[in-house]
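**Q** starting from these lines, generate the structure:
(one chain, ligands or ions: 1)
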Amino acid sequence: MADAKKNVLVCTQLECETVEEMLSSMEQAKAEGADIVELCFHAMKFTHISQVDNLLNEKTLPTILSYRLNSSNEDCKSNCMQVLKRALDLEVEFVEMDYEVASDKSMSEYMHKRPHSKVIVSSYVNGGKPSTEKLGDLIASIQSIGAAVIKLEIAVDFITDLAPIFQLLTHCQVPLIVLAVGSRGLISQILAPKFGGFLVYGSLAGKSVAGLPTLVSLRQVYKVENVDADTKVFGLVSNPVGHSKGPILHNPTFRHTRYNGIYVPMLVDDVKEFFKTYTATDFAGFSVGIPHKEAAVACCDEVDPLAKSIGAVNTIIRRPIDQKLIGYNTDCDASISAIEDALRERQVSKGVASDTSPLAGKTFVLVGAGGAGRALAFGAKIKGARVVIFNRKYERAKALALAVSGEALPFECLHEFCPEKGMIFANASAIGMEPDSNTSPLPKEALKAYELVFDAVYTPRNTRLLQEAAEVGATVVSGVEMFIRQALGQFRLFTGGLDAESYMRKLVLDQF
Ligand SMILES: O=C1C[C@@](O)(C(=O)O)C[C@@H](O)[C@@H]1O
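**A** Numbers count the residues shown, from 1 in each chain. Next up, the predicted model:
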């Protein structure tokens, strides 16, 4: 792989109507960590050419002045030419124009006479999933018209569409910017510095753009300035993925332990396709989230025996010696040990102590039979609990019950289910997760039958289920505790054994 070109620029595009708004947004961009701004002149209300002078005389950051031809109308074209030529006269750092404009004879002559600004030539590639070769040809033709920097805007439908883009960034000999447009494009910005991208885009706080990280996250969470060709890529393969706190936990911990890694959200639609596409060694490890934990088992070359019996993996590493994908399940130990610890604490406070698991002999009521549910059901069963499973899709509850010699009951019976007092309740469904945080799998009244209530949901930290369980006197165990423990297990697997428990715990306390 070619060496990453160091010091990637972090940029934000400003689309404002007036000079004043452009300048105040530039101040915001500067405060949020932008190195450079792109002033999208085509978004402005064009009144007079002096607007270009006003903007460029007052600017407080290095600037790309861009003008996109969004219509073939002659007025638009003539405004565009006028504005770009004025920007070249004023020697702004970068002038950005469409391929069509840059190929215009008068523009190309003008550019040659005013060599102080660097010219970025951009081209929009819409759909059709261009191959690396096709994109290579496009780059060659843009280069031939004298671009100092090439920018491709590419519409992407799936995260797998980004793989040719990473290849292109790696091999391109000219400074290259790729803006992958769409919600699946996010990692193209965060990882561009690894593959040699010239510049990455972030959005201003409060002005989010689908598929773009915020400037603040590029600087504070991912610290893209530290990413280089050797950085190992880790990520959460999930859908949805935006709720995860994984990036704000793993990234600072990599830095704290001086491990050259980055952890990114990977919005994946087809898990099989994903692992078939991203086969490079640099994609070193993955967390697996909803709804892929079960399907991901079949993507692994080897699966740890516990994960295999559970039938779900939440962690996959690419084994360095042979590049094989090895699957693990850190959810099981994380959730069961958190529940056991809370039960033991309760026993100690009552003066009872025992060597056997406090789950032994208990009725363990589980809601959810997906990946996390399977981990809890197997864990509880191993500890000697009687497992009773409720799931909206009854068939899945039945299949899981069969696997753990437990019982499955129709979801409608959950509220009335009360064979005894002092049971354990575990929610492994997404009920109560943001943005539906006002929902709960069980009404408050029914919670009185439970000694301990656990919720695998960790956004919000204190779910409605946990609040109401505490109100009726149950011991509560938050999904945050499971989250920390499963992440600790993952971090060890990712890094070949590094342990940063106290650091990770402090991070979670400070930031969640
Ligand atoms: O369940 C979880 C949480 C998680 O999906 C996340 O939100 O970061 C990451 C998974 O690996 C883990 O098993």
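**Q** per-residue pLDDT, the residue of the chain positioned farthest from its centre?
**A** Distance from the centre of the chain peaks at residue 351, with 45.4 Å (C-alpha atoms, centre = their mean). Residue 351 is assigned a predicted lDDT (pLDDT) of 79.
**Q** ok, residue 419 next?
**A** Residue 419 carries a pLDDT value of 95.
**Q** residues near residue 298, how many?
**A** Neighbour count of residue 298, defined by other C-beta atoms under 10 Å: 12. In this view, the C-beta of every residue, glycine as well, is placed from N, C-alpha and C.
**Q** helix, strand or coil for the nearest residue to it once chain neighbours are set aside?
**A** Among residues not flanking residue 298 along the chain, residue 272 sits closest, at 7.2 Å (C-beta to C-beta, 6 or more residues apart in numbering). Assigned with DSSP: H, G, I helix; E, B strand; the rest coil, residue 272 falls in the helix class.
**Q** what sits against residue 272?
**A** Residues near residue 272 by C-beta atoms under 8 Å, 6 or more residues apart in numbering: 295, 298-299.
**Q** run the last query once more with 10 Å
**A** 292, 295-296, 298-299 (C-beta atoms under 10 Å, 6 or more residues apart in numbering).
**Q** among the residues you listed, which ones are buried?
**A** Neighbour-count burial (16 or more other C-beta atoms under 10 Å) is assigned, among those, to 292, 296, 299.
**Q** ok, so of the residues you listed, who is nearest residue 458?
**A** residue 292 (18.0 Å; C-beta to C-beta).
**Q** look up phi and psi at the residue nearest to residue 250 when sequence neighbours are not counted.
**A** In space, and not counting its chain neighbours, residue 250 is closest to residue 263: 3.7 Å by C-beta to C-beta, 6+ apart. Main-chain torsions, residue 263, degrees, to the nearest 10: phi -120, psi 120.
**Q** for residue 263, grab the count of nearby residues.
**A** 30.
**Q** and it, what does it touch?
**A** 190, 221-222, 232-236, 244, 246-254, 285-287, 487, 490-491, 494.
**Q** filter these to the buried ones?
**A** Buried by 16+ other C-beta under 10 Å: 190, 221-222, 232-236, 244, 246-254, 285-287, 487, 490-491, 494, out of the contacts of residue 263.
**Q** mind checking which of those residues are in strands?
**A** Judged by DSSP state E, the subset of those located in strands is 232-236, 285-287.
**Q** now these in a markdown table, with distance to residue 155 and pLDDT?
**A** Output for these, formatted as a markdown table (distance: C-beta to C-beta, whole Å; pLDDT from 0 to 100):
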| residue | distance to residue 155 | pLDDT |
| --- | --- | --- |
| 232 | 29 | 98 |
| 233 | 23 | 98 |
| 234 | 27 | 98 |
| 235 | 22 | 98 |
| 236 | 24 | 98 |
| 285 | 29 | 98 |
| 286 | 25 | 98 |
| 287 | 28 | 98 |
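**Q** what's the residue closest to the geometric middle of this protein?
**A** Taking C-alpha atoms, centre = their mean, the chain has its central residue at residue 265, 1.7 Å away.
**Q** can you classify that residue by secondary structure?
**A** Following three-state DSSP, residue 265 is assigned to strand.
**Q** setting aside sequence neighbours, what's the nearest residue to it?
**A** Per C-beta to C-beta, 6+ apart, closest to residue 265 is residue 241, 4.3 Å.
**Q** assign that neighbour to helix, strand or coil.
**A** Applying three-state DSSP: residue 241 is coil.
**Q** who's in contact with it?
**A** Contacts of residue 241 by C-beta under 10 Å, 6+ apart are 159, 183, 186, 235, 247, 264-268, 287, 289-290.
**Q** ok, residue 407 next?
**A** 363, 365, 386-390, 397-398, 401.
**Q** what pLDDT does the residue nearest to residue 265 get?
**A** 94.
**Q** report how many residues lie close to the closest residue to residue 330 other than its chain neighbours.
**A** Using C-beta to C-beta, 6+ apart and skipping the chain neighbours, the partner closest in space to residue 330 is residue 489 (3.2 Å). The criterion is other C-beta under 10 Å. On that basis, residue 489 has 19 neighbouring residues.
**Q** pLDDT at the residue in the stretch 351-500 of the chain that the ligand sits nearest to, what is it?
**A** Nearest to the ligand, among the residues of the stretch 351-500 of the chain, is residue 486, at 5.0 Å (C-beta to the nearest ligand atom). With respect to pLDDT, residue 486 has a value of 97.
**Q** quick check, it in contact with residue 336.
**A** No: with contacts defined as C-beta atoms under 10 Å, residue 486 does not count as touching residue 336, sitting 11.1 Å away.
**Q** which residues do these two both contact?
**A** In contact with both residue 486 and residue 336: residue 375, using C-beta under 10 Å, 6+ apart.
**Q** picking up where we left off before, top of the contacts of residue 407 by neighbour count?
**A** The contacts of residue 407, ranked by neighbours (other C-beta under 10 Å): first place residue 389, 31 neighbours.
**Q** which SSE is the nearest residue to it once chain neighbours are set aside in?
**A** Counting by C-beta to C-beta, 6+ apart, residue 389 lies nearest to residue 397, which is 4.4 Å off, once chain neighbours are set aside. Assigned by DSSP states H and E, residue 397 falls within helix 394-403.
**Q** may I have that helix as PDB, with CA atoms only?
**A** C-alpha atoms of helix 394-403 as PDB (Å, rounded to 0.1, in the frame of the first residue of the first chain):
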ATOM      1  CA  TYR A 394     -43.100 -17.100  18.800                       C
ATOM      2  CA  GLU A 395     -41.300 -19.500  16.500                       C
ATOM      3  CA  ARG A 396     -37.900 -17.900  17.400                       C
ATOM      4  CA  ALA A 397     -38.700 -18.200  21.100                       C
ATOM      5  CA  LYS A 398     -39.600 -21.900  20.600                       C
ATOM      6  CA  ALA A 399     -36.300 -22.600  18.700                       C
ATOM      7  CA  LEU A 400     -34.200 -20.900  21.400                       C
ATOM      8  CA  ALA A 401     -36.200 -22.700  24.200                       C
ATOM      9  CA  LEU A 402     -35.400 -26.000  22.600                       C
ATOM     10  CA  ALA A 403     -31.700 -25.200  22.400                       C
END
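**Q** chain center to it: distance?
**A** Computed by C-alpha atoms, centre = their mean, to the nearest Å, the chain-centroid distance of helix 394-403 equals 32 Å.
**Q** can you check stretch 130-137 too?
**A** Worked out by C-alpha atoms, centre = their mean, stretch 130-137 lies 27 Å from the chain centre.
**Q** ok, now stretch 438-455?
**A** With C-alpha atoms, centre = their mean, you get 31 Å for stretch 438-455.
**Q** report the buried residues of that stretch.
**A** 440-442, 446-447, 449-455.
**Q** same list, the residues you listed, but as a markdown table with distance to the ligand, secondary structure and pLDDT please.
**A** Below are the buried residues of stretch 438-455 laid out as a markdown table (distance: C-beta to the nearest ligand atom, whole Å; DSSP: H, G, I helix; E, B strand; the rest coil; pLDDT from 0 to 100):
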| residue | distance to the ligand | secondary structure | pLDDT |
| --- | --- | --- | --- |
| 440 | 19 | coil | 98 |
| 441 | 17 | coil | 97 |
| 442 | 21 | coil | 97 |
| 446 | 25 | helix | 97 |
| 447 | 23 | helix | 98 |
| 449 | 26 | helix | 97 |
| 450 | 22 | strand | 98 |
| 451 | 24 | strand | 97 |
| 452 | 20 | strand | 98 |
| 453 | 18 | strand | 98 |
| 454 | 13 | strand | 98 |
| 455 | 12 | strand | 98 |
